[in-house]
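Visitor: below are the sequence and a predicted model for it; my questions follow.
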Amino acid sequence: MRARLPWVVFLVLVGCGLAAWRAACVIAGPDIDTDAYAHHMIARAILADPGDLSVHWVWLPLFHYAQVPLVALGGTMQHVRWANVALTAASPLVLFAYVLRTARLSEGSRRGTPMPPEAIALLAALFSAMSPIVMQMGTTAQPEPLFALVILSVAIAFEDRRYCAGSLLLAAAVMLRYEAWAVLALVACLHAFDFLSDANRWRAGAPRLAMVALPAALIVAWAALRRPVDGQWFAFLRQTHEFASDALHEKTLHGGAFALLKDALYYPLVVPIRVLGPAVLVAPFGVARTVREQGARFVLVFAACLGFVSLTWVMHASLGLDRHFVCIVPLYSTFAAQGVAAVAEATARLAKRSFGSAGRFGAVIGATLALLSVGGLAIELNVWMADWRASIERGWPDRVALGAYLRGLPERSVIFCDDATLEILSGLDRRRFDRHWVDDPHTWELVADAARRHGVAYVATWRRKLLGHDGRIPDRRNSPREDTALLARREASPAVSGSLVFRAGFEAPEEDTTGVAVMRVP
């Protein structure tokens, strides 16, 4: 079904306005999402040593490799942010086109529906485009905007039985984020069921097999490549769990059945209320209608992602961030839009039974619900984005100042830096940096060797990591924890020391362990 021009024009105008809002945030200051810096730094490190797969840490590799050509051509993380401004605008357009195409008019709708399909599709697109977490991620260099678009495309291809396109899209998805692994498991189960129940199973089985085999082969290949690096198969999954548990200070579940229920409802209920506002209130009324019109497979793809993020949160294997919900926003947006339509139609039927004629009553109810939902979401979006832009404008003055200091160093000097934000905010050529962890005693042997070869080496990192190499000695004014760190590092690499030539961000003049610093090692 083709949309009338005014609906499309309105959606495009709103999309352009939201894109301009995101662009203003990109211009306002540096990215404030630290993981975005780490992803971009990994792309820079790939060019330095393509064979070192450990740089990917626990993350999947596709987003890093996608940035490699950009980095090789001289692109920066700012270019990735601009790409995400555009990608975030694309998802609502794709959702609008799909919801409109799959709209099926009921018998009563043929005589005049309270909400035409164009209105439902527009409402779903608006909810998706105006979600605060979607808008925020659209100003960063994170993979969420790309992953959300890919997952939406996977859901559409799977529902339309376009298995060849679906296999390529799902192959990309499983190398972007782990949520897609749950989608692969879902697709495999449904294909197995279809294969066993289809009389023409052998003739129809090849395209279905491709949608499972290609993504699964990529996962196995990546695990095989990582095995020599990590020492065991799929060690990066265990490392992900350990990192999340340490960050949450949780190793086991506590709190009994109530805590378990609260965690289980966190992503299906709590996060949607936060990132979609009042639109969530009508979403339950649109679930059945979405399954009927947009298709069960379309819904199940998103449900698999929702199940994955919920399960990992319950197991404390993730940090429970709102941005993990970005790829699921299109599903809840469609639920909400269809919920408004369902309430409008139910009201129209009730008015017809009560008064003999529905008239425009259902349309008025639908329009009122739509305006209230969009208006409430707009207010919430304005609050979120005001805080977000203020944070961007404040930025990290200490890290920016350190980056400016690094730009003034001699061009041939080697800089050891293990913090992605410091490296990228400096704006220096990627080849100037050695990215070994400063916490590792072996790194200081490399620092000493670089200093001997070049006459001097610099170490840019957090101040606390330089304890024991700056001439400081244990004394009674130090805390026991500081003295322990000093002695341990002095024992690990006693011959390597230097002088602090730059400091920023320390909390007080007498505080000697906070902020960032640059050390000169002669």
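Guide: Good, I have the coordinates.
Visitor: buried residues in stretch 79-92?
Guide: Neighbour-count burial for stretch 79-92 flags 79-85, 87-92 (criterion: 16 or more other C-beta atoms under 10 Å). (Each C-beta comes from the backbone N, C-alpha and C, glycine too.)
Visitor: ok, now stretch 354-372?
Guide: For stretch 354-372, by 16+ other C-beta under 10 Å, it's 358, 361, 362, 363, 365, 366, 367, 369, 370.
Visitor: how far is it from where the chain is centred?
Guide: In terms of C-alpha atoms, centre = their mean, to the nearest Å, the centre of stretch 354-372 is set 39 Å apart from its chain centre.
Visitor: so where's the stretch 251-400 of the chain shaky on pLDDT?
Guide: 251-255, 355-359 (pLDDT under 70).
Visitor: make that the stretch 401-522 of the chain, sorry
Guide: Using pLDDT under 70, the stretch 401-522 of the chain drops low at 471-495, 507-512.
Visitor: now do the contacts for residue 300.
Guide: 186, 190 (C-beta atoms under 8 Å, 6 or more residues apart in numbering).
Visitor: for it, pull up the helix or strand it's in.
Guide: Using DSSP states H and E, residue 300 maps to helix 296-314.
Visitor: returning to that earlier point: which one of the buried residues of stretch 354-372 is nearest residue 389?
Guide: Residue 389 lies nearest to residue 370 out of those, by C-beta to C-beta, at 27.5 Å.
Visitor: surely the closest one meets residue 120?
Guide: No - Residue 370 is beyond contact range of residue 120, at 9.4 Å (criterion: C-beta atoms under 8 Å).
Visitor: mutual contacts of the two, please.
Guide: Counting by C-beta under 8 Å, 6+ apart, the shared contacts of residue 370 and residue 120 are residue 340.
Visitor: in space, what's closest to residue 298 - neighbours in sequence excluded?
Guide: residue 159 (4.2 Å; C-beta to C-beta, 6 or more residues apart in numbering).
Visitor: pretty sure that neighbour contacts residue 293?
Guide: No - the pair residue 159 / residue 293 is not scored as a contact, 10.8 Å apart, by C-beta under 8 Å.
Visitor: thinking again about what came up before, what about the buried residues of stretch 354-372, which are in strands?
Guide: Per DSSP state E, strands hold no members of those.
Visitor: give me the contacts around stretch 383-394.
Guide: Contacts of stretch 383-394 (C-beta under 8 Å, 6+ apart): 21, 24-25, 28-32, 132-133, 135-136, 139.
Visitor: can you flag which of the residues you listed belong to helices?
Guide: Among the contacts of stretch 383-394, the ones falling in helices (DSSP state H) are 21, 24, 25, 28, 132, 133, 135, 136.
Visitor: can you tell me which of the residues you listed has the most neighbours?
Guide: Ranked by neighbour count (other C-beta atoms under 10 Å), the ones in helices among the contacts of stretch 383-394 have residue 136 at the top, with 28 neighbours.
Visitor: and it, how close does it get to residue 230?
Guide: For residue 136, the distance to residue 230 equals 33 Å [C-beta to C-beta, to the nearest Å].
Visitor: rewinding a little: show me what contacts the residue nearest to residue 298?
Guide: Shown in contact with residue 159 (C-beta under 8 Å, 6+ apart): 294, 295, 297, 298, 301.
Visitor: ditto for residue 425
Guide: For residue 425, the contacting residues are 30, 396, 399, 400, 402, 403, by C-beta under 8 Å, 6+ apart.
Visitor: give me the buried subset of these.
Guide: Among those, those scoring as buried are 30, 396, 399, 400, 402, 403 (criterion: 16+ other C-beta under 10 Å).
Visitor: show me the strands in the stretch 301-450 of the chain, by range?
Guide: Secondary structure of the stretch 301-450 of the chain (DSSP state E, counting those that start in this stretch): strands at 414-417, 433-434.
Visitor: no further queries at this time; thank you.
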